[in-house]
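>>> Need coordinates for the below:
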Amino acid sequence: MTIDERKGMAQTGVIQNLILENRGKLSISGVIDVLSFDDQVVMVETELGLLTVKGENLRINKLSIDTSEVIIEGEISYLAYSENKGEKNTGGSLLSKIFK
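The predicted model follows:
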């Protein structure tokens, strides 16, 4: 992310932090809702899109609606944001376009 993109995000008021400590504790700010969770997958709706957290022995230690924060603990192995539905994919491989 470039400095200009960060400035643009700060001006729109959408700032989100993900702090991963030793792959065992994940602090997320800017959380809107926890959509689903179990001991292997946690799906969190954030201001910047849907965040999927995968691992083992996952548990939600803190969920605060007031501060929009979630703390997930366990053996975290995967973090990914879903694509925003409003954005169009202009690039990609030929196979991804065929199987779209």
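>>> so what does the helix or strand in which residue 32 is found touch, helix or strand wise?
If you go by DSSP states H and E, residue 32 is part of strand 31-37. On a contact count with 3 or more CB pairs under 8 Å, 6 or more residues apart in numbering; DSSP states H and E, strand 31-37 meets strand 41-46, strand 49-64, strand 69-81. The C-beta positions use only the backbone N, C-alpha and C, and glycine is treated the same way.
>>> Residue 25 is nearest to which of these?
strand 69-81 (5.1 Å; CB to CB).
>>> Please identify the most buried of the helices and strands packed on strand 31-37.
strand 41-46 (a mean of 18; mean count of other CB atoms under 10 Å).
>>> Show me what that strand is packed against.
strand 31-37, strand 49-64.
>>> distance between the ends of stretch 34-54?
Taking CA to CA, to the nearest Å, stretch 34-54 runs 14 Å from one end to the other.
>>> hang on, residue 37 packs against residue 54?
No - with contact defined as CB atoms under 8 Å, residue 37 does not reach residue 54; the gap is 11.1 Å.
>>> check contacts around the closest residue to residue 57 other than its chain neighbours.
Distances taken as CB to CB, 6 or more residues apart in numbering put residue 74 closest to residue 57, at 4.3 Å, once the chain neighbours are dropped. Taking CB atoms under 8 Å, 6 or more residues apart in numbering, we find residue 74 in contact with 24, 39, 55-59.
>>> can you do 6 Å?
55, 57-59 (CB atoms under 6 Å, 6 or more residues apart in numbering).
>>> So for residue 2, what's the pLDDT?
Looking at residue 2, its pLDDT reads 53.
>>> no wait, residue 86
The model reports residue 86 with a pLDDT of 43.
>>> Next one: residue 64 from residue 54, what distance?
Separation of residue 64 from residue 54 (CB to CB, to the nearest Å): 23 Å.
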